[in-house]
Structure formats: C-alpha cells, structure tokens
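Colleague: fold the following and give me the result.
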Amino acid sequence: MDYIVYSHNDSFIYVSKINGNQIILKKDIPQDSKIFKTASIESMMNIPINYNQVLNFDNFDTIYISLHTSNFCNMKCRYCFMQKRTECSISIDDATKFIDLIVNRFPNAHKFIVDPTGSGEPLLRLNFLIELSDYCKTKSNEISKEVLPMFVTNGTLLTSQNIKAIQDAGYIFGVSVDGYKKSHDQNRLDFTQKGTYKKIIKNIKKVKHRTFLGAAVTLSNENMNLVKAVVNLKKWFTTISIKPVRSFDDYIEGINNSNINLIKDNYTELYKFIRKTTLSGQFQYLDALLNGDDYFGKFIIRVILNQKVVTRCDAGIGRFSLTPDKKIISCPGAIGIDLLVIGDLETGIDESKVNSLWDVLIKREDCKNCEIRFVCGGECMVNSYYKNKVINHADDIMCEFKKHLFELSVKFKYELINHSEELFYRVQKACFNKIKRFQKNEELSLVLKQTNGRYDFIELKKIYDEDYEKFKEIKDSVI
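Modeller: Sure, this is the predicted structure:
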C-alpha cells in the first residue's frame, strides 16, 4: 500500500507514503468505494514532492552561526558529550571573522542567529559575550538585517548582575533545566556531584524580563514525567524545549530497546494533557512547546501546517560552527568528528564537503519508504556517527520514537479540526507565527529604506518591537 492507517475514534486517518499528506474518513467507508478512491487518489497519491522547489541553499531564511566560545564549564553533567575537556577558547577576533565569513556567504538570508553556547558554560566568558553582542549590533546595522545573539546557560551563574548585563546586551537566552528536582538532580551535577536544581530555580526567579526565556530539557531516561515537567517549568518559562539525550555509551541511557515503550507511553500522556488543555482553551502549555525547539512541538507544527522537509536539519548547509582550533564544523555537536569538518577559518568553507553533506542529508537511503520522512527528515548525523561510526545511518529505535510523535501530532490535528474550525485556526496561526519569526520583516525593511539613514536597523527594530504605534507614525511619515 502507498499509505498507512491510524485508527482514531470512529475514523481512520490515512497517511500517504508518497508525500506525507493525510485524510480522515469514517470507518464505515469501504476502501473500494468511490468516496475512498477519489479522496485518497486526489489528495494523497498523485502529488509527489517536487524536489526542484525545495532543494536550494537559498531556502534557508535563517542561518545559524555557532561558536565554541570555551571548553570551560563549572558543572559535570553525567550525560555531557564533553566528558574530556581541554583548555581552549575562541578569541573575539576569530569570532567576528567567522561571522563575516558566514554572513557574506548568504547574502539572501533573512536573519542570522549567533550562538556562543558551544561546548562549555558561556557565562564564564561574560566579557566575550558583551563584545560579541556589540559586534552583532554593528553587523545588523551594516547589512540591515537582524544578527541576533542567543545562548543556553546551565543557570548556575545567573546572578542579578549577570542577568542585567546579558539582557542589556540584547541576548535571548535559555536555561538547561530538566523538568523538576528529582529528574534534574539525577544528571545535572556540579563538580562535587551535588544536584543544581534549587540553585538554578532561585536564579531564574531573579529574571524580570521572561518574555523569551526558554527551558532546555534533556530527556535521558524513562523516569521523567513529561506532564509534570511541562506544568512545573511553565511557572517560570514561556518556552519549553524537550530533546532526547545523545547517548554515546552505556553510562547514560538514551532511548533504547529497554525503555522505548515507556517513553512512548510518557509522550502519549503528554499528548493527552496538551489535547485536554488546548480543547478547553488553555493554550499556555501548547504554546510553550511550539515557541522553541521542542522535539514534539516541531512535529506538531509541521503536521498542522502540512510543512514538508527533505532534511532533518540544516547542519553544514545552513548552520555552521567554529571550534577553538579554528575548524569549521557542521553543527556544535559535531566537535571532534572529522567526517563533519567542512573547512577552517583561514581557508574558508570547503564547498565539496558541504555538497557531500547535502548529498547525505537529502538521500537518506534508509528513509526512502518511510511514511514520515517528509516530517522527520532522517536521523541526526552526530547520533549516527557515535552509534555506528557513519553519518548516514537510521536508528530503528529513534525511528519508532519519531513515528510515535508523528502519529500523536496527526491525531492532535484532527482533534482540533473536529472540535471547532475556530480552535484549529487559532493553533494554526500560532504555528505560522513561530516560523514567521525566522523570516524577513518586510514592513520593517521597507520603512528602514525609506527613512534614508534617519534610523539604523537596531534602533528602528527596537521601536517596532516595543512601541508599534510610534513605528506606524514613522511609517506614515515616509511612505
């Protein structure tokens, strides 16, 4: 068959293996009926993905520039991928040179995200962060596009002074915190091997401006109650992003044969909670998952918007990372993997290596017959390397996990549709607004151009974000 079937209430949901589209039909409609054949053939079977429309470097509206600011850290988390650390860091001169290199390579990009998180704790180099932010502002004004600095911190160094410094500098930042005390303190430990949850939450409470404050949650085993984690974190964070741990050895359990069913059950409970709260008009929990980089949230957005992807991510094609030894790698997690080195700061990016990654990312030989390949995009190259020493292998357990998230997302979509058209459109708008954040603000760009130098980009964007009525006055005066 060219489709798979999910049973949902009194209906069947049919998902095309050709393009990932879905239809829902009552269970009493036979598959040999005219209604079924017309619905399935016209809306699903005869619309293959047009690769010529999507396989283009210019399709990346947002380009990510990552810096391994430092290998230093004041914690020793049990699942950290940098268990062995060397004393090295990036200079501000190398950082700005790298930013210039990437910005110049993508003249048609709408936005650039500069992330100095790297492989250590960025707040150990606060002065570097401030200098980097100043350069991002300079670059924004130079190219009249947003060059936005943002990072993730372990939260232990968020003193009132540090919070003010990074927020005054214009940083958006997230905090690594694993749900609630018991789950967090199992893995996120200081150098004395003591838990850090209480200290981090105490620091979070000092943050006055939490509009864009995010929680980065690492799912390492089946013991984390995801509903409890989301409800607890929503008290302090507007954005919650839950991702599975990179499990390189037996020391930390990632998703595997022994816990996959328990983790799937845990996500089913989260789905039921999100469905219940959303249908009752409580959008805060769903919005928190949609706002950031949550694994489940990504699937929901793509299913709701019928958004197709041909790669899992943009590693090495729209995302680039600089190491302290001046190597350019495909993403922050690729540090130490020779197969994912794509250049160096002195000679630039090796286009042949980029093209080889592009080839790996779109071919996905193991994914050709998978019904969710246009929502999933394939396995992480870093995970593939650490598990199999190759960068193009699909992991069966992760595939099972992601297929489960896809099924839950599809069922959530039709729950919304069946409940009310108004509710579905409200959620659809939230999904659209999330992806719109990474696109060019045409209104801002037009007004900036018409002001003929009266405002620089940063100044006008601040007015747009904080006082739109004043921005409209400026717009009316120049257009």
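Colleague: could you find the closest non-adjacent residue to residue 130?
Modeller: residue 169 (5.4 Å; C-beta to C-beta, 6 or more residues apart in numbering). Where C-beta positions appear, they are placed from N, C-alpha and C, glycine not excepted.
Colleague: so how many other residues sit close to the one you found?
Modeller: Residue 169 has 17 neighbours, counted by other C-beta atoms under 10 Å.
Colleague: that one and residue 60, how far apart?
Modeller: 26 Å (C-beta to C-beta, to the nearest Å).
Colleague: now do residue 448
Modeller: Distance from residue 448 to residue 60, by C-beta to C-beta: 22 Å.
Colleague: higher neighbour count, the two?
Modeller: Legend: neighbour count by other C-beta under 10 Å for residue 448 and residue 60, higher for residue 448 (23 against 17).
Colleague: what residues are up against the closest residue to that one other than its chain neighbours?
Modeller: In space, and not counting its chain neighbours, residue 448 is closest to residue 460: 5.4 Å by C-beta to C-beta, 6+ apart. Residue 460 is in contact with 444, 447, 448, 451, 471, 474, counting by C-beta atoms under 8 Å, 6 or more residues apart in numbering.
Colleague: would you format these as TSV with pLDDT and distance to residue 431 included?
Modeller: Shown next, in TSV, are these (pLDDT from 0 to 100; distance: C-beta to C-beta, whole Å):
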residue	pLDDT	distance to residue 431
444	90	22
447	90	27
448	88	28
451	88	33
471	92	26
474	92	31
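Colleague: which among these gets closest to residue 110?
Modeller: residue 444 (11.0 Å; C-beta to C-beta).
Colleague: how about the helix or strand where the closest one lies: buried residues?
Modeller: Per DSSP states H and E, residue 444 falls inside helix 442-450. Within helix 442-450, the residues scored as buried using 16 or more other C-beta atoms under 10 Å are 444, 447, 448.
Colleague: output these as TSV; include the columns distance to residue 432.
Modeller: TSV is the format used below for the buried residues of helix 442-450 (distance: C-beta to C-beta, whole Å):
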residue	distance to residue 432
444	18
447	23
448	24
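Colleague: just to revisit the earlier point, quick one: contacts of the helix holding residue 444?
Modeller: Counting by C-beta under 8 Å, 6+ apart, 144, 455, 457, 460, 461, 464, 471, 474, 475, 478, 479 sit against helix 442-450.
Colleague: could you pick out the longest helix of the protein?
Modeller: helix 396-419 (DSSP state H).
Colleague: beyond it, next helix or strand please.
Modeller: helix 421-436.
Colleague: settle this for me: residue 463 is touching residue 472, isn't it.
Modeller: No. Shown here, residue 463 and residue 472 do not form a contact pair, counting by C-beta atoms under 8 Å, at 10.0 Å.
Colleague: the more surrounded of the two?
Modeller: Ranked by neighbour count (other C-beta under 10 Å), residue 463 and residue 472 place residue 463 first, with 18 against 14.
Colleague: distance of that one relative to residue 189?
Modeller: 44 Å.
Colleague: am I right that residue 147 is in a strand?
Modeller: Yes. Read with DSSP: H, G, I helix; E, B strand; the rest coil, residue 147 is one of the residues of a strand.
Colleague: check contacts around it.
Modeller: 99, 103, 111, 112, 114, 136, 137, 139, 140.
Colleague: and for the fifth one, the neighbour number?
Modeller: By that I understand residue 114. 25.
Colleague: over to the second one?
Modeller: Residue crowding around residue 103 was assessed by other C-beta under 10 Å; the count is 19.
Colleague: quick check on it: phi, psi?
Modeller: Torsion angles at residue 103 (phi, psi; degrees, to the nearest 10) stand at phi -60, psi -40.
Colleague: partner residues bridging the nearest residue to it once chain neighbours are set aside?
Modeller: Using C-beta to C-beta, 6+ apart and skipping the chain neighbours, the partner closest in space to residue 103 is residue 112 (6.0 Å). With DSSP bridges as the criterion, residue 112 is bridged to residue 63, residue 147.
Colleague: show the pLDDT at residue 112.
Modeller: For residue 112, the pLDDT comes out at 96.
Colleague: residues touching it, list them.
Modeller: Residue 112 is in contact with 62-65, 99, 102-103, 106, 139, 145-148, counting by C-beta under 8 Å, 6+ apart.
Colleague: go with 10 Å
Modeller: 62-65, 99, 102-103, 106, 136, 139-140, 143, 145-149 (C-beta atoms under 10 Å, 6 or more residues apart in numbering).
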